[in-house]
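Asker: this is a predicted model, with the sequence first.
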Amino acid sequence: MTESTYAGPRTFADAAELRAAVGTHLGHSDWHQVTQEQVDLFAEATGDHQWIHVDPERAASGPFGGTIAHGYLTLSLVPMLSQQVYAFEGLRMGVNYGSDKVRFPAPVRVGSRIRGGVEVLSLEPGGGGERLTTRVSVEVEGGDRPACVAEVVSVLVW
């Protein structure tokens, strides 16, 4: 098992402090294990019941050797993973604005552990506040490629 290097979120006091972090990698979240229950609940919520996600018996002889998480489940975990990497003091509101350049280079096998690494790409005025763009790479423990890479855009209002 890979040891945890999670040190808690890096906290920014204001937009100026965050702007100074543009171009830097902020660190990684703690590891999170993806369970079959989580995959099944996501399938139920989205109506995506493809066998590679929800049928462990059939998936065992499939292309991944077992069930895998939906790509969009992996993407939906990005906010949870990111909040372990960075936080804000005195923020009145933060909202998701969207995601750009989302890719799923590798599957997430059920039972594996993932973590998110966050890089600050930009901070610009917009959306009634500051528009933050980060690149989040979701790694699979022991994997050689990320499971998900997304440019995540948020609007922050102090």
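Answerer: Perfect, I can see it now. Residues are numbered from 1 along each chain as shown.

Asker: and the end-to-end length of stretch 68-83?
Answerer: End-to-end distance of stretch 68-83 (C-alpha to C-alpha, to the nearest Å): 24 Å.

Asker: pull out the buried residues from it.
Answerer: In terms of neighbour count (16 or more other C-beta atoms under 10 Å), stretch 68-83 has its buried residues at 68-71, 73-75, 77-78, 81-82. Heads up, the C-betas are built off the backbone N, CA and C, glycines and all.

Asker: as a whole number, average confidence for that stretch?
Answerer: Per-residue pLDDT over stretch 68-83 has a mean of 98.

Asker: distance from that stretch to the middle of the chain?
Answerer: Mean C-alpha position of stretch 68-83 versus that of the full chain (C-alpha atoms, centre = their mean, to the nearest Å) differs by 5 Å.

Asker: and for stretch 81-96?
Answerer: For stretch 81-96, the distance to the chain centre is 14 Å (C-alpha atoms, centre = their mean).

Asker: same question for stretch 9-18.
Answerer: Distance, centroid of stretch 9-18 to centroid of chain: 20 Å (C-alpha atoms, centre = their mean).

Asker: for it, which outside residues touch it?
Answerer: Residues from elsewhere that reach stretch 9-18 (C-beta atoms under 8 Å, 6 or more residues apart in numbering): 21, 26-27, 83-90, 120, 123, 130, 132, 156, 158.

Asker: would you list the buried entries among the residues you listed?
Answerer: Members of the contacts of stretch 9-18 classed as buried by 16+ other C-beta under 10 Å are 26-27, 84-86, 88, 120, 123, 130, 132, 156, 158.

Asker: got the residues you listed as a markdown table, with secondary structure columns?
Answerer: Output for the buried ones among the contacts of stretch 9-18, formatted as a markdown table (DSSP: H, G, I helix; E, B strand; the rest coil):
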| residue | secondary structure |
| --- | --- |
| 26 | strand |
| 27 | strand |
| 84 | coil |
| 85 | coil |
| 86 | strand |
| 88 | strand |
| 120 | strand |
| 123 | strand |
| 130 | strand |
| 132 | strand |
| 156 | strand |
| 158 | coil |
